[in-house]
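Peer 1: here are the coordinates; sequence isn't available:
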């Protein structure tokens, strides 16, 4: 069972999912419960450990499932933040007295860049979550082909920001790996 937990810990660390240590501790507790159950059924300690580990699943598959669920939750949260930030930026930009395109563009670029830095796996999602609202507002306000085509250029700012954030995260990750 110790080899199993070591392998699980290594697989979890390789996937970089937060909460991996706590998950391995919980897995250890579940395995101990399963071993005790097996011993109550008449299995030897070694047999009960082998059965418990086999039932829990191969460490690589368990770690992959945990990491996938972790990423799914994190992506939902980041997309929610992106949508809220995008709507807030669009609300400010749509105000009648607001006439500062540079600040709006900088806000789109920066917000998407921060999310790309935090969650580099799908930068296009964060860019669309942040940047889609101003083009939608413009097209709803003035529904012409020219407005639609022109407003799509606005998406360039959050796309650039999200991908720059992703690239910065990768650069920081590789320099940290090289320093280790």
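Peer 2: Done, it's in. The structure presented is a predicted model; accordingly, all values stated were derived computationally and were not measured.

Peer 1: so where's this protein uncertain?
Peer 2: Regions of the chain meeting the criterion pLDDT under 70 cover residues 16-19, 176-177, 180.

Peer 1: mind listing what's buried in the lengthiest helix in it?
Peer 2: In the chain, assigned by DSSP state H, the helix with the most residues is helix 59-94. When burial is assessed from 16 or more other CB atoms under 10 Å, helix 59-94 yields the following buried residues: 59, 62-64, 66-67, 70-71, 78-79, 81-83, 85-87, 89-90, 93. (Each C-beta comes from the backbone N, C-alpha and C, glycine too.)

Peer 1: just stretch 48-61 next, same as before
Peer 2: Result for stretch 48-61 [16+ other CB under 10 Å]: buried residues 48-53, 56, 59.

Peer 1: sorry, back to before: what helices or strands is the longest helix of the chain leaning on?
Peer 2: Here helix 59-94 touches helix 2-15, helix 20-40, helix 101-118, helix 123-131, helix 133-141, going by 3 or more CB pairs under 8 Å, 6 or more residues apart in numbering; DSSP states H and E.

Peer 1: Can I get these in CSV including distance to residue 174 and mean neighbour count?
Peer 2: Output for these, formatted as CSV (distance: least, CB to CB, whole Å; neighbours: other CB atoms under 10 Å):
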stretch, distance to residue 174, mean neighbour count
helix 2-15, 16, 16
helix 20-40, 21, 15
helix 101-118, 14, 20
helix 123-131, 17, 25
helix 133-141, 34, 17
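
Peer 1: so which of these comes closest to residue 157?
Peer 2: helix 101-118 (4.1 Å; CB to CB).

Peer 1: who touches residue 88 in this structure?
Peer 2: Residue 88 sits next to no residue when contact means CB atoms under 8 Å, 6 or more residues apart in numbering.

Peer 1: What distance do you get for it to residue 78?
Peer 2: Taking CB to CB, to the nearest Å as the measure, residue 88 falls 16 Å from residue 78.

Peer 1: Same question for residue 57.
Peer 2: In terms of CB to CB, residue 57 sits 28 Å off from residue 78.

Peer 1: if you skip the residues just before and after it, what's nearest to residue 169?
Peer 2: residue 120 (4.3 Å; CB to CB, 6 or more residues apart in numbering).

Peer 1: scratch that, residue 166
Peer 2: Nearest to residue 166 is residue 120, by CB to CB, 6+ apart, at 3.9 Å.

Peer 1: thinking again about what came up before, element containing the residue nearest to residue 169?
Peer 2: Using DSSP states H and E, residue 120 maps to neither a helix nor a strand.

Peer 1: Neighbours of it, how many?
Peer 2: 19 (other CB atoms under 10 Å).

Peer 1: Phi, psi for it please.
Peer 2: phi -80, psi 0 (degrees, to the nearest 10).
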